[in-house]
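take this sequence and fold it.
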Amino acid sequence: MSADCAGLVRSALIEELEQLHAGVLEVAHGLAEPELWRKPLEPGNSVGHLILHLTGNLNHFVGAQLGKTGYVREREREFTDSAPPARAKLLADFLGAVVTFRQIVGGLSAEELAAPHPEARFGTVLKGLIHVVAHFALHRGQMSYIARLVKAG
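This next block holds a predicted model:
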């Protein structure tokens with residue numbers, strides 16, 4: 001992969017993730033604090049728990065595995081935390097994960113994008129990053145649906 005192509009890829013991944021982040025914030029801000037944590041279906045998720053999950057996902061697969069940040073993930077807690085953080089902390093931590101993504105991905109060379117990802121199932125770093133962004137988009141869509149169900153009562 002050429003340096004020019006790597007730059008385009010990095011920019012596209014960052015831009016897409018930041019647009020998805022903005023969409024998540026729009027959904028979150030449209031809900032009252034109790035609604036943020038309401039699960040309209042059982043088994044199911046709340047918007048807040050999906051935000052915890054995306055925060056953990058970015059911090060683990062990009063922060064810890066690519067950026068060596070030292071983040072230790074508690075994946076199960078992302079879905080089951082019975083004492084979730086206040087909205088301000090939830091969204092600040094979420095923004096921090098997006099900033100980590102931007103910084104780490106923005107600094108990857110063409111060689112690093114083509115290198116094996118530490119999570120072998122992804123193959124290359126680039127394929128892993130595409131997976132992370134697609135995963136984020138999936139949950140962004142789920143949040144819209146959950147928010148509509150919560151608002152409908």
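
residues contacting the residue nearest in space to the middle of the chain?
Centroid-nearest residue in the chain, with C-alpha atoms, centre = their mean: Leu54, separated by 3.3 Å. Leu54 makes contact with Val24, Phe94, Ala97, Phe136, His139, according to C-beta atoms under 8 Å, 6 or more residues apart in numbering. Where you see a C-beta, it was placed from the backbone N, CA and C, and this is true even at glycine.

ignoring the adjacent residues along the chain, who's closest to the fourth one?
Here the nearest residue to Phe136 in space, its sequence neighbours aside, is Leu20; by C-beta to C-beta, 6 or more residues apart in numbering that works out to 5.1 Å.

next helix or strand past the helix or strand encompassing that neighbour?
Using DSSP states H and E, Leu20 sits within helix 3-29. Counting by DSSP H and E, the next helix or strand C-terminal to helix 3-29 is helix 33-36.

ok, the residue nearest to Phe136 to Val27 distance?
11 Å (C-beta to C-beta, to the nearest Å).

any regions of the chain where pLDDT drops low?
1, 3 (pLDDT under 70).

now do the strands in it.
Read by DSSP state E, the chain holds no strands at all.

circling back: any idea which of the contacts of Leu54 is closest to Leu126?
Phe136 (15.8 Å; C-beta to C-beta).

what residues are up against the closest one?
Contacts of Phe136 (C-beta under 8 Å, 6+ apart): Leu17, Leu20, Leu54, Asn57, Leu58.

so what's Gln103 up against?
Gly67.

ok, now how distant is it from Gly67?
In terms of C-beta to C-beta, Gln103 sits 8 Å off from Gly67.

ok, back up a step: now do the shared contacts for Leu20 and Val27.
In contact with both Leu20 and Val27: Arg140, using C-beta under 8 Å, 6+ apart.
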